[in-house]
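J.: give me the fold of what follows.
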Amino acid sequence: MVKDFTYGNVVVQVLTRDEHAPPHVHVVSPDYAVELDISAPEVVVKPSSKKARIKNTPKFVREAIL
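T.: Residues are numbered from 1 along each chain as shown. Modelled structure (predicted):
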């Protein structure tokens with residue numbers, strides 16, 4: 001089951017192993033998006049696929065991880 005949380009205009013979606021592995025989080029705002037792998041001891045920014053229209057900035061990534 002996907003868990004959705006909203007913080008201001010940012011949506012956080014937590015996807016566990018039930019949806020598809022590995023467990024990861026999508027953090028999406030109107031302008032940016034980042035996908036974070038949470039299966040390892042440390043959070044890792046997943047590379048965006050060439051088909052995905054995901055853009056982000058280093059600042060947005062830092063804020064998403066925190």
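J.: going forward, measure contacts and count neighbours with C-alpha atoms only.
T.: Noted.
J.: residue boundaries of the strands in the chain?
T.: 3-7, 10-15, 24-28, 33-37, 44-45 (DSSP state E).
J.: tell me which residue is most central in this structure.
T.: Residue closest to the mean C-alpha point of the chain, counted by CA atoms, centre = their mean, is His26 at 2.4 Å.
J.: Lys3 versus the nearest residue to it once chain neighbours are set aside, what's the distance?
T.: Using CA to CA, 6 or more residues apart in numbering and skipping the chain neighbours, the partner closest in space to His26 is Glu35 (4.6 Å). Using CA to CA, to the nearest Å, we find Glu35 at a distance of 14 Å from Lys3.
J.: try Val25
T.: 9 Å.
J.: low-scoring stretches of this protein, by residue?
T.: Applying pLDDT under 70 to the chain flags residues 1, 17-20, 47-54.
J.: how about a cut-off of 90?
T.: Applying pLDDT under 90 to the chain flags the ranges 1-5, 7, 10, 12-66.
J.: so what's the residue lying closest to His24 once chain neighbours are set aside bridging to?
T.: Nearest residue to His24, sequence neighbours excluded (CA to CA, 6+ apart): Asp37, at 4.4 Å. On the basis of DSSP bridges, Asp37 is bridged to His24, Val44.
J.: please verify my assumption that Val27 contacts Leu15.
T.: No. Taking CA atoms under 8 Å as the definition, Val27 is not a contact partner of Leu15, at 11.2 Å.
J.: what about the closest residue to Val34 other than its chain neighbours, how many neighbours?
T.: Nearest in space to Val34, with sequence neighbours left out and distances taken as CA to CA, 6+ apart, is Val27 at 5.4 Å. Using other CA atoms under 10 Å, Val27 has 23 other residues around it.
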